[in-house]
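Q: sequence first, then the predicted structure, then my questions.
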Amino acid sequence: GFLTREERRRLEGLRSPYNKFWVPCAWFGALAGQARREGRVRDDCALKLLMEELNRFRAHCSLLFHYDWISVPLVYTQVVTIAVYTFFLTCLIGRQFLDPAQGYAGHELDLGVPVFTLLQFFFYVGWLK
């Protein structure tokens, strides 16, 4: 619904090894110039605002294209995965309760299952995935 059949045919007929997100932007720029010459856009300030918005939109499309084009190296994901699992194992050991049989004052309750550490682990692993 964004393109007419003729525009789609012209866009698909364009041969380019790169993404063609910029083609409708070029069409819009040409149409905006034609609208200014025909008097549909009242003054140059309005045309300038239209073109600034188009440039902002095109810059955001270009930024998305760069994020897709440049992939994150596998080493970074492996390092983060190892860091999350190491943090979890360290927390399992470091956050254990004291033995209640030893009679430490104020430590009569031993839960056994580190609930908050498990919740934290699920959150981090979910975020990682």
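A: Happy to help now that I have it. Computed from a prediction, not measured in an experiment: that's the story for all the values here.

Q: where does pLDDT dip in the chain?
A: 97-100, 107-111 (pLDDT under 70).

Q: domains of it?
A: Here the domain parsing of the chain from the TED database is 5-69, 74-128.

Q: will you turn the ones you listed into a markdown table that also has mean neighbour count?
A: Yep, even glycine has a C-beta here, placed from its N, CA and C like the rest. Putting these into a markdown table (neighbours: other CB atoms under 10 Å) gives the following:
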| stretch | mean neighbour count |
| --- | --- |
| domain 5-69 | 12 |
| domain 74-128 | 11 |
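
Q: contacting residues for residue 25?
A: With contact set as CB atoms under 8 Å, 6 or more residues apart in numbering, residue 25 has these partners: 54, 57-58, 61.

Q: rerun that using 7 Å as the cut-off
A: Residues in contact with residue 25, defined by CB atoms under 7 Å, 6 or more residues apart in numbering, are 54, 58.

Q: what's downstream of the strand or helix carrying it, the next helix or strand?
A: In this structure, residue 25 is located in helix 22-38 according to DSSP states H and E. Per DSSP H and E, helix 22-38 leads on to helix 44-69 as the next helix or strand towards the C-terminus.

Q: cheers, nothing more for now.
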